[in-house]
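Visitor: Make a model of this:
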Amino acid sequence: MFVSLGTSESSKSLSNITKVKVYLQNGIAEILDQHQDLMGKIDNNIIEIESSLENKIEKFIYVVQDAVFIVSTKGLDKKDLKGTMVYIYARRVKEINQNFSLDEITKQYEEKSLLLEKEVEKSGDSGESLKKEGFSKTSKQYILAEEIEFLKKVISVSKKVKS
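Guide: You can find the predicted model right below:
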């Protein structure tokens, strides 16, 4: 099986995949070789990918934001490899692996939170609309709030994986 994981900034291709788990709103879809054609939205923002090389199982965990996936047994392009193809496109992706630094992500989270606070102060808003109603006045505030939510999810998932 082949997996393509992409964002507007990067793309990653994985081969020799044995299983892909995508977390949906109504449950988990386990995609194995020769899975039926399928597409959907990943709501829980977690993807688990298993690969098997030389009888060694490797597991990859990704936290994604606003992701969709397509499973195809025929491929979307005639040039594609034969077999089951899983295409995943997300706004942001972060891999949780042994090189992952929780301290670095926590630092990014704190920096973005301070930036958002400064932006809210600049706009003259007390920040109550952002907290109560879940929206922001400016696009910069909205983008910062989205990044903070994503980093919060990355921190949460990484703590669960490491424990």
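Visitor: use CA for all of it now, contacts and neighbours both
Guide: OK.
Visitor: Quick check: residue 119 touching residue 139?
Guide: No: Residue 119 is beyond contact range of residue 139, at 10.5 Å (criterion: CA atoms under 8 Å).
Visitor: Neighbour count: these two, which is higher?
Guide: residue 119 (18 against 9; other CA atoms under 10 Å).
Visitor: That one belongs to a strand?
Guide: No: under DSSP: H, G, I helix; E, B strand; the rest coil, residue 119 sits outside any strand and is assigned helix.
Visitor: Quick one: residues contacting the most centrally placed residue in the chain.
Guide: Closest to where the C-alpha atoms of the chain average out (CA atoms, centre = their mean) is residue 64, at 0.7 Å. Taking CA atoms under 8 Å, 6 or more residues apart in numbering, we find residue 64 in contact with 45-47, 90-94.
Visitor: what's the domain layout of the protein?
Guide: Split into domains by automatic domain parsing, the chain comes to 2-96, 102-162.
Visitor: Confidence-wise, which of those is weakest overall?
Guide: Comparing mean pLDDT over the domains of the chain, the weakest stretch is domain 102-162, at a mean of 81.
Visitor: for that domain, how far is the first residue from the last?
Guide: Taking CA to CA, to the nearest Å, domain 102-162 runs 10 Å from one end to the other.
Visitor: quick one: that domain to chain centroid distance?
Guide: From the chain centre to the centre of domain 102-162 is a distance of 17 Å (CA atoms, centre = their mean, to the nearest Å).
Visitor: hey, where'd the helices end up in this structure?
Guide: 102-122, 128-132, 139-162 (DSSP state H).
Visitor: who does the last one touch, helix- and strand-wise?
Guide: When you say that, I think you mean helix 139-162. strand 56-65, helix 102-122 (3 or more CA pairs under 8 Å, 6 or more residues apart in numbering; DSSP states H and E).
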